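Engineer: Coordinates for the following, if possible.
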Amino acid sequence: MRILVLNGPNLNLLGRREPDTYGSATLTDLERQLRERFPAHTIEFRQSNVEGELIDRLHEANGAADGVIFNPGGYTHSSIALRDAVAAIDAPVVEVHISNTAARESFRHVSLIAPVCAGQITGFGLDGYRLAVLALEARLNRADGA
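Structural biologist: Below is the predicted model of the structure:
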């Protein structure tokens, strides 16, 4: 299975930014963990603080990835353009958030992205990405009739 793991703004600061909320692990740690856990999958990792670059990566994933794991960061609550990009591609997208956005500030309670995603995983730290891979596997196995 080919998976794009796409991370949005400020996630490049994982391990340093608000460790009480996001933990001490870095994106590099996440990459290592997922590659070790799922060696049979081809996993591409991308991160950008730029909305247009995230849209470009989603467009490129169409037909090139079997699924996308997407943490849109703060754009979750504000970007109609990212929502439209997710809706425009055929690959299933699982939205992931490290923290439980529903337990945080009220402006974080609404995701513009979630309604066009296959599902959403929040509040399980970096383990949410592992859960997203498992969810994509299950979805794709159902689609294949397995």
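Engineer: okay, CA-based contacts and neighbour counts for the rest of this
Structural biologist: OK.
Engineer: How about residues contacting the helix or strand hosting H59?
Structural biologist: Per DSSP states H and E, H59 falls inside helix 51-61. Contacts to helix 51-61, defined as CA atoms under 8 Å, 6 or more residues apart in numbering, come from residues 4, 6, 8, 47-48, 68, 75, 81-82, 85-86, 88-89, 91.
Engineer: So among the residues you listed, which ones count as buried?
Structural biologist: L4, L6, G8, Q47, S48, V68, Y75, A81, L82, A85, V86, A91 (16 or more other CA atoms under 10 Å).
Engineer: can the residues you listed go into JSON lines with extra columns for pLDDT, distance to L136 and secondary structure?
Structural biologist: Formatted as JSON lines, the buried ones among the contacts of helix 51-61 follow (pLDDT from 0 to 100; distance: CA to CA, whole Å; DSSP: H, G, I helix; E, B strand; the rest coil):
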{"residue": "L4", "pLDDT": "98", "distance to L136": "11", "secondary structure": "strand"}
{"residue": "L6", "pLDDT": "98", "distance to L136": "14", "secondary structure": "strand"}
{"residue": "G8", "pLDDT": "97", "distance to L136": "20", "secondary structure": "coil"}
{"residue": "Q47", "pLDDT": "98", "distance to L136": "20", "secondary structure": "strand"}
{"residue": "S48", "pLDDT": "98", "distance to L136": "23", "secondary structure": "coil"}
{"residue": "V68", "pLDDT": "98", "distance to L136": "8", "secondary structure": "strand"}
{"residue": "Y75", "pLDDT": "93", "distance to L136": "22", "secondary structure": "helix"}
{"residue": "A81", "pLDDT": "98", "distance to L136": "23", "secondary structure": "helix"}
{"residue": "L82", "pLDDT": "98", "distance to L136": "20", "secondary structure": "helix"}
{"residue": "A85", "pLDDT": "98", "distance to L136": "19", "secondary structure": "helix"}
{"residue": "V86", "pLDDT": "98", "distance to L136": "15", "secondary structure": "helix"}
{"residue": "A91", "pLDDT": "97", "distance to L136": "10", "secondary structure": "coil"}
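Engineer: which residues touch Y129?
Structural biologist: Counted by CA under 8 Å, 6+ apart, Y129 has contacts L34, I69, V96.
Engineer: Any regions of the protein where pLDDT drops low?
Structural biologist: 18-19, 21-23, 102-105, 107-109, 144-146 (pLDDT under 70).
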